[in-house]
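>>> sequence and predicted structure are below.
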Amino acid sequence: MKVYDSFRSALQSLVVNKLRSALTMLGVIIGVAAVIAMVSVGNGASQSVQNTILNLGSNLVTVSPSFGSDNGLKGAGAQAQNLTLDDMRSIQDQLGSSIAAAEAEQQAGRWQVTAAGQNTNTSVTGVTEDYPVVRDWGLDSGEFFSTSDLNVNAQVAVIGSTTATNLFGDVDPVGQTIQLRQAFGGGGQGGGGQRARILSFRVVGVLGVKGSTFGLIRDDQIVVPLTTAQHVLTGRLNQVSQIVIKATSSDTMDITTSDVSNILLQRHNITDPASADFSVTNQNDTLAALSSVTGTFTLLLGAIGGISLLVGGIGIMNIMLVSVNERTREIGIRKAVGARRGDILNQFLIEAVALTGLGGVIGILLGWAITEVVHRIPQAASLPLLITSGTVIIAVGVSVAIGVVFGLYPAMRAARLHPIQALRYE
Amino acid sequence: MNQSVVQLRGITKTYRIGRDITVNALRGIDLDIGAAEFVAIMGPSGSGKSTLMNVLGCLDVADGGTYVLAGENVGKLSDNQLAGIRNKHVGFVFQTYNLLSRLNAIENVELPLIYGGDRHARRERALAALEQVGLGDRIHHRPSELSGGQQQRVAIARALLNDPSMILADEPTGNLDSRSSAEILSIFQRLNDMGKTVVMVTHEPDVAAHCKRVVRMRDGLIARDELVPRPRRAEEELTVGIGAAE
């Protein structure tokens, strides 16, 4: 029996029982739609998390200070003060072109900022000249400060786009002056006991819009030269809060991580890496940890969809068994005129697969429609919902496989019928 | 009688009903049917004629003895090989027509060609077969839109399609009125005149009187096997009018 004939007779019998076929298919449709929608939500969530991480800059290796272990006694990492600008410069010198860029940062706390009669309260960070490169963060206008600004502790600032709007509205902030005052109850470490100071900074650039990361609105901030922050704002002269190195690519991150580690161990005269007074974090590790979480999440959602697909499959099997029973006489007639076991088996298998395959296609469309609807929900609007070709292929593949698996037993029962008994069946 | 189409030697068949009741449906049948014969198999119910019919049609396999159909020993064939034999050598006509209700007339007739034989010109051959039984104008009708006699004629067209060695009819007129019966019988007679071998199971002597040879069975054995001196012609009865076949 030719495939064409098998398909034709399978489709004919599906068309004859339209309502039954539609209801049977519904199980598969819902299952596939659930898988598609769930997995796309899961993928979207995982993509969203990944974007958030990469928003901080890509291929980053971060060095943070930590207390070395002294006879098993460890200090709190946040209070450690043993990374310096020289550490960063020496990483730059020794690694040269094997890294993309490196920068050092020092948090200078929150300050009250005034300009042109407006004021705002925002955080100030001292950074070095390669900050925009490391953070993949271009400037909207003006330019970033340079090494020479760092050398002379120049009182220049680059402000975030939100800060710029808060202070200057539509006016171009570049070239304007802003005043920094110690914020109430907070501010830099050096501010506490000192008299209130007003410090003037000239705005040299405005950072591009970046959005928020984990609730931190990164567009509302001010960056100044690291040395200026150390000497003028905080008074913590020889410390940096972190050193951030950008590797040339995702593949070289592991090498860069160990290189940086070795350089710092040598500089700090530490022989045992276990008692290092700093910690090096690889962005890949962070991403891997997060993607394993979101992966589990996606798997869970997919499994829920999978269960409804399984139930749909059992529905297919049920209806195919009824169908075989109902068409016993037809099977007898077909056998009498020369149908072999394989012909009957094929006919019923193709019928089951046609049901699930068609159900799968409709399910994909429905799943796609669901993700579109979800997209219109305001809370989920920022979630990039991803229907990947992989998801589609797997969904169709699984639904066809379900047709084969759950159609096989009924089809085998049909194929095994004895022609005489089948013909006598009333 | 020239070369034989069917050659049965010592055919036995035993059925087991439930745990310990056995029925000896056939107890040693010897039978030869030659080409272009028109044979009626008669006998009371339980005489084994249905079992013999199933064995002849390769729907069932005998327990003992040998069966040679069109030169081929079919006694030891597998299910799939038997399906091939049925497709090629046997054309079935059943009492209840056994058409597929969701296919139209011509699709029903095409059915044997789906499972074997020449795929090409399938439609043309099915059409020719339908014209041969006088239904060339009803090819797109569903079985439910046809009378009993018309349905049986579709079934005959289906049986003819693969040009089988033998047409096997099981009470083909059992569900029909006398006029339709006469029509069906006249078709069989015409096919037989053209050289087709026709074997027909019936319990009506009137129907058997149209055959050239009558085999009577009793208790799983052939009781009598005789030629009909002057078979009745169904066509003549049709021209005389309804009721002439009584």
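Sure thing, it's come through.
>>> sec struct for the most centrally placed residue in chain B, please.
Closest to where the C-alpha atoms of chain B average out (CA atoms, centre = their mean) is residue B:168, at 1.6 Å. Assigned with DSSP: H, G, I helix; E, B strand; the rest coil, residue B:168 falls in the strand class.
>>> check contacts around it.
B:53, B:56, B:57, B:90, B:91, B:92, B:93, B:159, B:199 (CB atoms under 8 Å, 6 or more residues apart in numbering or on different chains). Backbone N, C-alpha and C define where each C-beta goes, glycine included.
>>> and residue B:85, how many neighbours does it have?
Applying other CB atoms under 10 Å in any protein chain shown, we find 20 residues neighbouring residue B:85.
>>> next secondary structure element downstream of the host helix or strand of it?
Per DSSP states H and E: residue B:85 is located in helix B:79-89. On the C-terminal side of helix B:79-89, the closest following helix or strand by DSSP H and E is strand B:90-93.
>>> is that following strand in proximity to chain A?
Yes. Under the criterion of CB under 8 Å from any CB of the partner chain, chain A is reached by strand B:90-93 at residue B:92.
>>> could you give the mean pLDDT of that strand?
Strand B:90-93 shows a mean pLDDT of 94.
>>> what does stretch B:202-214 give?
On average, stretch B:202-214 scores 93.
>>> quick one on the thing from earlier: next, count neighbours for the closest residue to the residue nearest to the centre of chain B other than its chain neighbours.
The shortest distance from residue B:168 to any non-neighbouring residue, by CB to CB, 6 or more residues apart in numbering or on different chains, is to residue B:57 (4.8 Å). Using other CB under 10 Å, residue B:57 has 23 neighbouring residues.
>>> what of residue A:228?
24.
>>> hmm, back to that, next, format the contacts of residue B:168 as JSON lines and append distance to residue A:320.
Below are the contacts of residue B:168 laid out as JSON lines (distance: CB to CB, whole Å):
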{"residue": "B:53", "distance to residue A:320": "32"}
{"residue": "B:56", "distance to residue A:320": "34"}
{"residue": "B:57", "distance to residue A:320": "29"}
{"residue": "B:90", "distance to residue A:320": "30"}
{"residue": "B:91", "distance to residue A:320": "31"}
{"residue": "B:92", "distance to residue A:320": "27"}
{"residue": "B:93", "distance to residue A:320": "31"}
{"residue": "B:159", "distance to residue A:320": "30"}
{"residue": "B:199", "distance to residue A:320": "37"}
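>>> quick one: buried ones out of the residues you listed?
Restricting the contacts of residue B:168 to buried positions leaves B:53, B:56, B:57, B:90, B:91, B:92, B:93, B:159, B:199, with burial counted as 16 or more other CB atoms under 10 Å in any protein chain shown.
>>> so the helix or strand where the first one lies, near chain A or not?
In other words, residue B:53. Per DSSP H and E: residue B:53 is located in helix B:49-56. Yes. Using CB under 8 Å from any CB, helix B:49-56 reaches chain A at residue B:54.
>>> how about that helix: buried residues?
Applying 16+ other CB under 10 Å to helix B:49-56 flags B:49, B:50, B:51, B:52, B:53, B:54, B:55, B:56 as buried.
>>> kindly calculate the angle that the helix holding residue B:85 makes with strand B:166-170.
Counting by axes from the mean of the first three to the mean of the last three CA atoms, to 10 degrees, helix B:79-89 lies at 100 degrees to strand B:166-170.
>>> and helix B:79-89, what does it pack onto?
Applying 3 or more CB pairs under 8 Å, 6 or more residues apart in numbering or on different chains; DSSP states H and E, one finds that helix B:79-89 makes contact with helix A:328-336, helix A:341-376.
>>> which residues of chain B lie near chain A?
B:54, B:57, B:59-60, B:79-80, B:83-84, B:86-88, B:92, B:94, B:98-100, B:102-103, B:111-112, B:114-116, B:119, B:158, B:162.
>>> what ranges do the strands span in the stretch 201-350 of chain A?
For the stretch 201-350 of chain A, the strands defined by DSSP state E, counting those that start in this stretch occupy A:212-213, A:216-217, A:221-225, A:242-247, A:278-282.
>>> and the third one, how far from the chain's centre?
If you compare the mean C-alpha spot of strand A:221-225 with that of the full chain, they lie 28 Å apart, counting by CA atoms, centre = their mean, to the nearest Å.
>>> and if you look at the last one?
From the chain centre to the centre of strand A:278-282 is a distance of 22 Å (CA atoms, centre = their mean).
>>> quick one: secondary structure of residue 8?
You didn't pick a chain, so chain A it is. For residue A:8, the assignment made with three-state DSSP gives helix.
>>> right idea, wrong chain: chain B
Assignment for residue B:8 (three-state DSSP): strand.
>>> and it, how many neighbours does it have?
23.
>>> can you tell me how far it sits from residue B:213?
For residue B:8, the distance to residue B:213 (CB to CB, to the nearest Å) stands at 15 Å.
>>> would you map the strands across chain B?
Assigned by DSSP state E, chain B shows strands spanning B:4-17, B:21-34, B:38-42, B:64-69, B:72-73, B:90-93, B:166-170, B:198-201, B:213-218, B:221-227.
>>> what sits up against the fifth one?
For strand B:72-73, the external contacting residues (CB under 8 Å, 6+ apart) are B:66, B:67, B:85, B:89.
>>> now, of those, which are buried?
B:67, B:85, B:89.
>>> residue B:198 against residue B:164, yeah?
No. Using CB atoms under 8 Å, residue B:198 makes no contact with residue B:164, being 10.5 Å away.
>>> so what's the residue of the stretch 301-426 of chain A found nearest chain B closest to, chain neighbours aside?
For the stretch 301-426 of chain A, the residue closest to chain B is residue A:338, as judged by CB to the nearest CB, at 2.4 Å. Leaving aside its sequence neighbours, residue A:338 sits nearest to residue B:87 (CB to CB, 6+ apart; 2.4 Å).
>>> the one you found touches residue B:81, doesn't it?
No. Contact status for residue B:87 versus residue B:81: not in contact, 10.6 Å apart, counting by CB under 8 Å.
>>> which one's more surrounded, the two?
The neighbour comparison of residue B:87 against residue B:81 (other CB under 10 Å) goes to residue B:87, with 26 against 14.
>>> just name the shakiest helix or strand of chain A by mean pLDDT.
The weakest-scoring helix or strand in chain A, judged by mean pLDDT, DSSP states H and E, is strand A:212-213 (a mean of 64).
>>> how about residue A:99, phi and psi?
phi -120, psi 160 (degrees, to the nearest 10).
>>> just the angle between the lengthiest helix in chain B and strand B:166-170, please?
Longest helix in chain B, counting residues (DSSP state H): helix B:178-193. Angle between the axes of helix B:178-193 and strand B:166-170 is 160 degrees (criterion: the same axes, to 10 degrees).
>>> for helix B:178-193, packing partners?
Applying 3+ CB pairs under 8 Å, 6+ apart, we find helix B:178-193 packed against strand B:38-42, helix B:148-160, strand B:166-170, strand B:198-201, helix B:234-240.
>>> 6 Å instead?
helix B:148-160, helix B:234-240 (3 or more CB pairs under 6 Å, 6 or more residues apart in numbering or on different chains; DSSP states H and E).
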